[in-house]
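K.L.:
quick one: sequence and predicted model below, then my questions.
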Amino acid sequence: MSYIWLILLLPALGVIINGFFARWVGRRGVSWIGPGVVGLAFLVACRAFFDIWALPADGRLVEEVFYTWIGSGRFTVEMALQIDPLSVVMMLVVTGVGFLIHVYSVGYMHDDPGYTRYFTYLNLFTLSMLVLVSANNFLLMFIGWEAVGLCSYLLIGFWFERDSAANAGMKAFIVNRIGDFGFLVGMMLIFVTFGTLDFTEVFHAAPGALALGGPTATLIALLLFVGAVGKSAQIPLYVWLPDAMEGPTPVSALIHAATMVTAGVYMLARCSALYVLAPFALAVVATVGVATALFAATIGLVQNDIKRVLAYSTVSQLGYMFTACGVGAFGAAIFHLMMHAFFKALLFLGAGSVIHGMGGEQDIQKMGALRRHMPVTHVTFLIASLAIAGIFPFAGFFSKDEILFSAFASGHYGVWAVAVFTAFLTAFYMFRLHFLIFHGTSRVDREMARHIHESPRVMTRPLAVLAVLSAVGGFVGIPIIYGGNKIGAFLAPALAHTEAHAPHAGVGTELGLMAFSLAVAAVGIALAWRWYLARPEVPGRIAQRYRTLYRLLLNKYFVDEIYDDLVVRPARVGSEAVYQRFDLRVIDGAVNGAGALVRSFASAIRVYQTGYVRNYALSILVGVVLVMAYYLWL
Amino acid sequence: MNVAAINISLGGIGPLLILSATALVVLAIDCFWPSERRSHLAYVTVAGCLVALGATWRLWGAQEAVFGRMIIVDNYSTFFTGIFIVGTTITTLLSIGYTSRMGIDRAEYYALLLFATVGMIMMAQGLNLITIFLGLETLSISLYILAGIQRQRAASIEASLKYFLLGAFSSAFFLYGVALTYGATGSLDLEHITRAVGETTFASKPLLLIGVGLMLIGFGFKVATVPFHVWTPDVYEGAPTSVTAFMSVGAKAAGFGAFVRVFSISLQPLSPDWTHLLWLLAVATMVVGNVMAIAQTNIKRLLAYSSIAHAGYVVVAMVAASALGTSSVLFYLLVYTFMNLGAFGVVLVLGRQDEEVLAIDDFAGLGRRAPALAAAMALFMFALAGIPPTAGFVGKFYIFSAAVQGGFVGLAVIGVLASLVSVYYYFRVVVVMYFMEPAGEIPLAPRSAPATVALVIAAAATLALGLFPSPFITAASRSLVAVLF
């Protein structure tokens, strides 16, 4: 499968051409090359999928070594890709959904002065994400991991003329670095324990080298999970994702919904062989996951910015995926990841279409009754909303249900209960969003109302394709019927399973659970209908009555403010204080950069010749005394 | 010492001789060439460096102690010699436009660069503490003058004087340490010292420990570790930028060349006595360097604190005191040479006649006005921050792996945390370049072709060492296999 390198080469070509030769190919060229390379990469991924499919189930692992990246004695890392069911599924999602979003962007970003820069970044992102999901070792995966973070940062801050965008980019990057720290240290621990960073070797050696539930396994698993928490926006590091909505909407769809933020889930699934050895770590994963799912859903209930609702919804859905991992159902997590990529990308692109048609308006309180103006957007958005709410037979029904069932069948009844309640909230806030945008009475101001229009075809066609996928995609994983869960069976050889995870609960139980969650979702939708369409005065009254709770939710539990007070400000002040004390020249204000250089000669002499060298010499002398003291008394 | 044992090997010190000769040639032709052809002096210097680099290449694999065991020619010293000469070559290329703008394009400038390099080579090739000290002084004196070569600028003179006073101060400690070590072991030869230290009944240990401690201070000053770093920001800021660039890579690498040979190799038997001290030194250096850098608004001071922090990372590798650790020092210094010279190089080529662009805020809008230059700067910042796939990442990963493997997990964690902090200030430069509106026009210096070449080399190497580090890591580890002393 040496052709697999094409999947990296194609987006790389896009980056080079769009980045350096945009002047030669022109705007039209960029419009073709940007989406084109990703489309071709999708074809490569399809070919890889069929080739893997053709192999016997237990032999579905191909490693393509390009060259030895770092090699000195025992420390060897290869530049190599791994093609197995897990990475192929991820490649398909990244290139497939990525391609649609690239096409959509041609319309969405049409008038933006940074058009070529945008496609350069987007291609670079695709490249990085593909490196992340197809690497055959931790170090190469980490490269992709960092690079997607960089692209995310560049794209969040794409409209850097707005201060909020530049700040959001910075916030995303810094919060992610905290996660990366966990990843890096975890990786070192793996290297020390196994002497290698190669996935196959590590996972093969893991059951023998690590005791079940032992401290090393638990520590490695938890450290890697810290990385996942940062990248996939879980409690307590989720704060960057809502702010990341400052980027262009297709970017939110691609990076902050469909692909990059799911990298943490992918990593856990990839390392499932390590996680099954660390039950405690799995319990942490499940707890964090389900807590995040609930927490973010409650915030999503009251937000009024269309993209922020979707952002909190993404955080919440990512929580579901981690819940699945935590109860040992890694396959269900990846299944939901894939379905989520379809319907959440669709929701974001639909939101983008609305924003585009409304001339940049994002406040859902200023929308309403848009379905007449935007029929395609309305229908596709409805399909996506039904999918995320988990209504049969849409995509989310199958994947969410498998997670709920896995939690129940493996005896995590508490987790199951919270997850079901979250499903209710999800159905409610999604349809609140839907009704407020597309139904009811129009709250659009009259000047704007005349300009509302449906988006061009280059934008609506990707919506239609994603709508089809969101509607029927779930059928790759039909439960109950023997052999119906094709995706689960396909992924199984690439994943490890916990002892506890044996979903052999009766068919009756499974059907009962399904009916129950379906009913819960229906109630959520009905409630949204009653409150926001039938009796629109109710929500205001309730907000009035439970004012404290409402304000708490509206302000997102004040987490940003708490972080600011506890971490950001002290860090800045501390650094400043240390600097003031330590560096004598600051007192003179000489550090004001260039200002210092143009100071007059006389004052320079006066300032510099009053014996500061003496102070420096003193510092050295203190060092000398300390060193001597160390040797004489210690 | 037996006089007959003095085996003279001119080939062994070939690079050193070639550079010295080039320096003399540069000084001589300056008397005959008209002043408007001064830029040719730089090309003569580059030519000399390239020839010396060729001579270094031929030394690879050689293994002998020459000149009465004063000089050692082994892969370790050859690797370092390569780093020094590459650093000098790039510095010279970068200097070409800059020196004429600043009015310092004199023969002395280039000759002193070369003499400083000679001093560095002596430090790496020294098998005897006296040779190392001679090299140290040759290097230092050249740098004192270079720092103050811009005679009309007060800051430059001030930098020179500060560096000189404090350098002399620390040299004295170093020399005193050498004397005490001699007193304790009866030899200045590194191999003899090892043997003496290895003897089980070693009576004069306190004397030796004090001697070792004092030498540590000398090296600590040269490579700028906390608390011997205080001179760095002022001197880096005041000295002409090309000299700062040169100091920040060459002098540091040379300092480590001798530091590692004396401590990690010669004093290896004594390592239980210095490991913990270096541990403290590494932590203090990484923390202070990175934390202080956050508050900087001047790019040269920022890079000064950054270079302090990087010295800390290298000390981490020394603490590991293993083959992996030492070879990661070599690799890291090679990487650091390219990425740091590159960063300074970008600072160099900005600015107009006699006026430099040094406030970080002045970089605003560079992304649009000079996309290639900004992209290069971003690359160097990412590399310094240790972000893959640049060389800086591989280097750091290598160092921290060595520390973890040596059992210093805590140190590695502190190191990773410290470099986490560093991302903040490196990134700020990128943010300013791309995401901020310029307050006014940034003066762009007229393009200098040689400087462009130098930047391209540095950028290409920064990427290549990240993507294809294997041959260099192999070379670095092979430098150690054959280390005698």
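P.N.:
Received, thanks.

K.L.:
enumerate the residues of the stretch 251-400 of chain B near chain A.
P.N.:
The interface of the stretch 251-400 of chain B toward chain A, taken as CB under 8 Å from any CB of the partner chain, is made up of B:273, B:277, B:288, B:291-292, B:294-298, B:301, B:324, B:327, B:356-362, B:382, B:387-389, B:393-394, B:397-398, B:400. In short, each C-beta sits where N, CA and C put it, glycine included.

K.L.:
now check the helix or strand containing A:Tyr563, is it near chain B?
P.N.:
For A:Tyr563, the element it lies in under DSSP states H and E is helix A:559-563. No. With CB under 8 Å from any CB as the criterion, chain B is not reached by helix A:559-563; the gap is at least 15.7 Å.

K.L.:
which stretches of the stretch 101-250 of chain B have low pLDDT?
P.N.:
For the stretch 101-250 of chain B, residues meeting the criterion pLDDT under 70 lie at B:200-204.

K.L.:
could you show which parts of it are in contact with chain A?
P.N.:
With CB under 8 Å from any CB as the criterion, the stretch 101-250 of chain B meets chain A at residues B:154-155, B:158, B:161-162, B:165-166, B:169-170, B:173, B:206, B:209-210, B:212-214, B:216-217, B:220-221, B:227-228, B:230-231, B:233-234, B:237.

K.L.:
tell me if B:Ala65 really is in a strand.
P.N.:
Yes. Residue assignment for B:Ala65, taken from DSSP: H, G, I helix; E, B strand; the rest coil, places it within a strand.

K.L.:
who does it form a beta bridge with?
P.N.:
B:Ile72 (DSSP bridges).

K.L.:
just checking, it touches B:Leu127?
P.N.:
Yes. Between B:Ala65 and B:Leu127 a contact is recorded at 5.6 Å, counting by CB atoms under 8 Å.

K.L.:
compare those two (neighbour count), which wins?
P.N.:
Here B:Ala65 and B:Leu127 are compared on neighbour count by other CB atoms under 10 Å in any protein chain shown; more neighbours surround B:Leu127, at 26 against 23.

K.L.:
ok, the more buried one - contacts?
P.N.:
Contacts for B:Leu127 were tallied using CB atoms under 8 Å, 6 or more residues apart in numbering or on different chains; they are B:65, B:69-72, B:189-191, B:485.

K.L.:
just the mean pLDDT for the helix or strand containing A:Val202, thanks.
P.N.:
Taking DSSP H and E as the criterion, A:Val202 maps to helix A:199-209. The average pLDDT for helix A:199-209 rounds to 87.

K.L.:
check stretch A:465-476 too.
P.N.:
The average pLDDT within stretch A:465-476 is 87.

K.L.:
Three-state assignment for A:Thr76, please.
P.N.:
Counting by three-state DSSP, the backbone at A:Thr76 sits in strand.

K.L.:
residues in contact with it?
P.N.:
The neighbours of A:Thr76, taking CB under 8 Å, 6+ apart as the test, are A:68, A:70, A:196.

K.L.:
one step back: other SSEs contacting the helix holding A:Val202?
P.N.:
Packing contacts for helix A:199-209, counted by 3 or more CB pairs under 8 Å, 6 or more residues apart in numbering or on different chains; DSSP states H and E, involve helix A:163-194, helix A:272-275.

K.L.:
go again with 10 Å.
P.N.:
Helix A:199-209 is packed against strand A:75-83, helix A:138-156, helix A:163-194, helix A:215-231, helix A:272-275, with contacts defined by 3 or more CB pairs under 10 Å, 6 or more residues apart in numbering or on different chains; DSSP states H and E.

K.L.:
in the stretch 401-550 of chain A, what residue comes closest to chain B?
P.N.:
Going by CB to the nearest CB, chain B is nearest to A:Ala494 of the stretch 401-550 of chain A, at 24.8 Å.

K.L.:
the closest residue to chain B within the stretch 251-400 of chain A - nearest residue in space that isn't next to it in sequence?
P.N.:
Among the residues of the stretch 251-400 of chain A, A:Ala263 lies nearest to chain B; the distance is 14.8 Å by CB to the nearest CB. Counting by CB to CB, 6 or more residues apart in numbering or on different chains, A:Ala263 lies nearest to A:Lys231, which is 5.0 Å off, once chain neighbours are set aside.
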